[in-house]
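*Asks:* Sequence first, predicted coordinates after that:
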Amino acid sequence: MGKWSRRAFITTGVAAGGVVVFGVAIRRGDRAAKVFDLVAEPGDSLFDVWLKISPDNTVTAIIPHAEMGQGVHTTLAMMLADELDADWSKVQVLEAPGDKEYANYALARGFAAGDADFPGWLIDTVDGFFFRATQVMGLQITGGSTSVRTTGQLAMRVTGAATRNALLQAAADEWQVPVSELSARDSMIYHDASNRSATYASFAVAAAEISLPSKPILKDSDEFRIMGTSPPRDDIPAKVDGSAMFGIDTTLPGMKYVAVKAAPVFGGSVSSVDVSSVQDMAGVRKVINLDDAVAVVADGYWQAQQALDRLQVEFDDAGNSHWEQSDIFQQFADDLDNSAAAGDEETDVAVGDVFAALADADQLIEAEYRVPFLAHAPMEPMNCTAWVHDGECEVWTGSQNPLGFAKDVSDVLEFNLENVTVHNQYLGGGFGRRAFPDYAVQAARVAAQVPYPVKLVWSREEDTRHDHYRQASISRFRGGLDADGNAVAWQNHYVNKYDPEEAPHIPYAIDNQRIVYSESSTHVPWGFWRSVDHSLHAFFTESFVDELAVAAGRDPYEYRRELLAHEPRYLAVLDLAAKKAGWGDPLPENTGRGISIHRSFGTIVAEVVDVEVVDGDVNVQRVVCAVDAGFAVHPDGMAAQMESGIAYGMTAALYGEISIRHGAVAQSNFHDYPMLRIDKAPAVETHIINSGEALGGAGEPGTPPIAPALTNAIYDATGIRIRELPVRQHDLGKPDYRETDVA
Amino acid sequence: MITLSINGETHAIDVDPTTPLLWVIRDFVGLTGTKFGCGIAQCGACTVHLNGAPIRSCVTPVQAAIDQEVTTIEGIGQSGHGLHPLQQAWIDEQVPQCGYCQSGQIMSAVALLENNPAPTDDDIDLAMAGNVCRCGTYPRIRSGIKRAALAINALHEEAEPDG
């Protein structure tokens, strides 16, 4: 199975404050003119493709990212509005249409593969260094915790500042005064000397004729008026009264409904369908064999699903039904053994001489960790509405990659890309799952066979069994300590590397490091899962450093401090979390405290967990989180993302396990793939450091540290070291849950 | 033909009486605020009220709602007063993230506060544990319920100054 990489989509950060002098995606007017009809009304003035000013002085930020609860629409609009000195109460948000004028997915594939040249029409938007950032903005991919770092910094702020300059210039021309005598605030321009003032809108038409500077001066962080505050998110009111439109809420005249069942074993296909049992069922319109799945079209979704359940379908298994979960782990272990014996591992990090250091060490510590496959399980099951008409295909869905979806739909239908339009809706959870277009391709294939629009909805069972899964893995460690307990050697060998490449790296000052991996492929489809490889490697590395501390007889927090003496930024985050958590204070009986720290997507997060373990019941009482993302553009949104990332990672750590049985996913719904619920959800305290370093992401970095902080806390409470997730499979004082399930 | 009363409006619908209420509300009545999450009463996204009590509409046959009063997220705003205090509290606490589960969360919370104007943390756990949120908004849901409880009690005191 081919591997995806997000490496190409992660850009270098730019200082949050200070003068930013990089050129960026300021497009020529003729480019903007082509998109005008898509996003603007007559009378509006469009600046670049990201900003419009309407005659009523409303400013609209055009955001090329999907809203899936991370608040990206509000946060990016804030960045634009602040540099523009706009009146925040008159700022609106429009999600950029999934149109080729906003980008071209085919180019993205070439860029990602590193083998495409820039086409001429994009040259103006790209300024060398910003190559990757432009990909993320222009391609409308929402992932990798990149939106603020790339689109926010390089499109929103720059366009806001450049437009402000143009408006001032237009006012200076009109009033025949020097620009230096003008000031701008709250979408108004003032000339104090003549006591004149006017709205931005009154100069917008003239300003739009002025070519925008590509390197405007951006504000220092102490000049921010909107960034760094927490205005209410624009998407929330519609999410409390039922009016928010998610993909699944799409309703079109004459629309029919589709239920679908794919071959249970990955790689399998439909071998036979007998429609006789369903053809007389009320409301059933059509049964469609999609080769790897079968679909039923009916007047209502329930009718479609009932018919699907009754349909006689046989699937083949592509020779994969012999796979059991234990075989997959055995294969991983064998591949690690064989690869180590052959010495053919791939190298992530090689510093010093680990083998000599281990041989000389006074103490040798070894540990093996395992994590299972994980499904995303967003609350909104995969769904897509598609309508093929007049040689075109329109698609309504929630997508983290709408242009990529359009490309894949156009490929499968053999349509020109221009004839496919994706209408992106709110996402009922993304977490990486909605970057994969399989469900949209299915809907388009059904729509191509019927004369009406169809809404295809996966059952929860289908959603659980046909995800793109976070990989299962085994990671082995050998650590060496000297006579004083100092770590002198760190050897780590794991299976299967995806992305980002630095996920297994450690920040600790250990002179001899060897971090290597071996491939051990499976038939289980892989996908980006909130924080991707960080989600497992933080558990591995932050568990093992804890084990080193225990072996050295040291406090786990103090031990990390010593190893981070050369990393003041890490140290500040670690210290803040420990201080706010009251590290070192005595704890009640049966309670333990654990700590971890991990950097991902440019953001350093430390978490301290307090856990009570009584009769095997694990109760996480509190999580204290310290985060340094450089600068928190929307502090409450940053806190919300930490709360969310922690809950997502804690769900996986406590309960999450997808296992393979007879080649297929054994779990099916929330009864056997359980979720964190409010009665087990801890209080979360988030403390933010604005260090002024390069901006990091927010959506994912809260997730990696929670599993090791939790299992380190369980060790503190019980003396039981959990080396295999999820926690619930371990006997912490009560019978194994699997035995309980059988009984 | 089945006759249903939803948010005070009567609907006559030609549908198999065993069809779950959820799909009748969404596909036939066209109220899409009530969500499909699991289909087996495990996640609470489909929560509506039947005569004021919270039920999982994904496993409730529509025939069980005949001649009863069904209330959905679209029906809890107070006429003339805009949002229900819980909806306002959800905005004030910035509770939703993706928002998909929040209709169900709010419907469970409305039922809780109608029975218990000052719920403890344990009361909240008990009433809300059937509603899953994958974005992990639980701490804010807890704060939202407490804020709304205060607001509702203040309204009552205003309405009944002697009470």
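*Replies:* Everything's here; your move.

*Asks:* can we go C-alpha only for contacts and neighbour counts from here?
*Replies:* OK.

*Asks:* Check which helices and strands the helix ranked longest in chain B sits against.
*Replies:* The residue-count maximum for a helix in chain B (DSSP state H) belongs to helix B:138-159. Packing partners of helix B:138-159 (3 or more CA pairs under 8 Å, 6 or more residues apart in numbering or on different chains; DSSP states H and E): helix B:85-92.

*Asks:* Which residues outside the helix it packs on are in contact with it?
*Replies:* Residues from elsewhere that reach helix B:85-92 (CA atoms under 8 Å, 6 or more residues apart in numbering or on different chains): A:232, A:236-237, A:240-241, B:96, B:106, B:109-110, B:141, B:144-145, B:147-148, B:151-152.

*Asks:* Check which element follows that helix along the chain.
*Replies:* Using DSSP states H and E, the helix or strand that follows helix B:85-92 in sequence is helix B:102-115.

*Asks:* That following helix near chain A anywhere?
*Replies:* Yes: using CA under 8 Å from any CA of the partner chain, we find that helix B:102-115 touches chain A at B:102-103, B:106.

*Asks:* which strands and helices sit next to that helix?
*Replies:* strand B:47-50, strand B:53-56, helix B:85-92, helix B:121-128.

*Asks:* element containing residue B:5?
*Replies:* Using DSSP H and E, residue B:5 falls in strand B:2-6.

*Asks:* how about the helix or strand that comes right after that strand, does it get close to chain A?
*Replies:* Next helix or strand after strand B:2-6 toward the C-terminus (DSSP H and E): strand B:9-13. No: against chain A, strand B:9-13 shows no contacts by CA under 8 Å from any CA, the least distance being 12.6 Å.

*Asks:* In its sheet, which strands sit next to strand B:9-13, and in what direction?
*Replies:* Strand B:9-13 has the following strand partners under DSSP bridges: strand B:2-6 (antiparallel).

*Asks:* got the contact list for the partner strand?
*Replies:* Contacts of strand B:2-6 with the rest of the structure, by CA under 8 Å, 6+ apart, involve B:10-15, B:17, B:63, B:65-72.

*Asks:* Which PyMOL command selects the buried ones in those?
*Replies:* In PyMOL, this line selects whichever of these come out buried by 16 or more other CA atoms under 10 Å in any protein chain shown:
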select buried, chain B and resi 15+17+63+65+69+70+71+72
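
*Asks:* if we can go back for a sec, which parts of the strand holding residue B:5 are buried?
*Replies:* Neighbour counts over strand B:2-6 (16+ other CA under 10 Å) mark B:3-6 as buried.

*Asks:* Look up phi and psi at residue A:181.
*Replies:* Backbone torsions of residue A:181, given as degrees, to the nearest 10, read phi -90, psi 0.

*Asks:* do you know how far it is from chain B?
*Replies:* 41 Å (CA to the nearest CA, to the nearest Å).

*Asks:* what about that residue, how many neighbours?
*Replies:* For residue A:181, the neighbour count with other CA atoms under 10 Å in any protein chain shown is 13.

*Asks:* Which pLDDT value goes with residue 12?
*Replies:* All of this refers to chain A. If you check residue A:12, the pLDDT there is 23.

*Asks:* try again with chain B
*Replies:* pLDDT, read off for residue B:12, is 96.

*Asks:* gap between the closest residue to it other than its chain neighbours and chain A?
*Replies:* Spatial nearest neighbour of residue B:12, excluding adjacent residues (CA to CA, 6 or more residues apart in numbering or on different chains): residue B:3 at 4.4 Å. In this view, residue B:3 and chain A are 18 Å apart by CA to the nearest CA.

*Asks:* which residue does the stretch 51-200 of chain A bring closest to chain B?
*Replies:* residue A:69 (3.6 Å; CA to the nearest CA).

*Asks:* In contact with that residue: list those residues for me.
*Replies:* A:427, A:429, B:96-99, B:135.

*Asks:* quick one: which of those residues is nearest to residue A:565?
*Replies:* The closest of the contacts of residue A:69 to residue A:565 turns out to be residue B:135 (CA to CA; 35.0 Å).

*Asks:* secondary structure class for that closest one?
*Replies:* coil (DSSP: H, G, I helix; E, B strand; the rest coil).

*Asks:* Which residue comes closest to it once chain neighbours are left out?
*Replies:* Using CA to CA, 6+ apart, the nearest residue to residue B:135 is residue A:644, at 5.0 Å.

*Asks:* Same check on residue A:410?
*Replies:* Nearest residue to residue A:410, sequence neighbours excluded (CA to CA, 6+ apart): residue A:417, at 5.4 Å.

*Asks:* do residue A:566 as well
*Replies:* Per CA to CA, 6+ apart, closest to residue A:566 is residue A:509, 7.4 Å.

*Asks:* roughly how far apart are the one you found and chain B?
*Replies:* 35 Å.

*Asks:* Going by secondary structure, that residue is in what exactly?
*Replies:* Per DSSP H and E, there is no helix or strand for residue A:509.

*Asks:* For burial, what's the neighbour tally of the residue nearest to residue B:135?
*Replies:* 27.

*Asks:* Can you tell me which residues in the stretch 251-400 of chain A are near chain B?
*Replies:* Counting by CA under 8 Å from any CA, the residues of the stretch 251-400 of chain A near chain B are A:300-302, A:377-381.

*Asks:* Counting neighbours, which of those comes out on top?
*Replies:* Ranking these using other CA under 10 Å puts residue A:380 first, with 29 neighbours.
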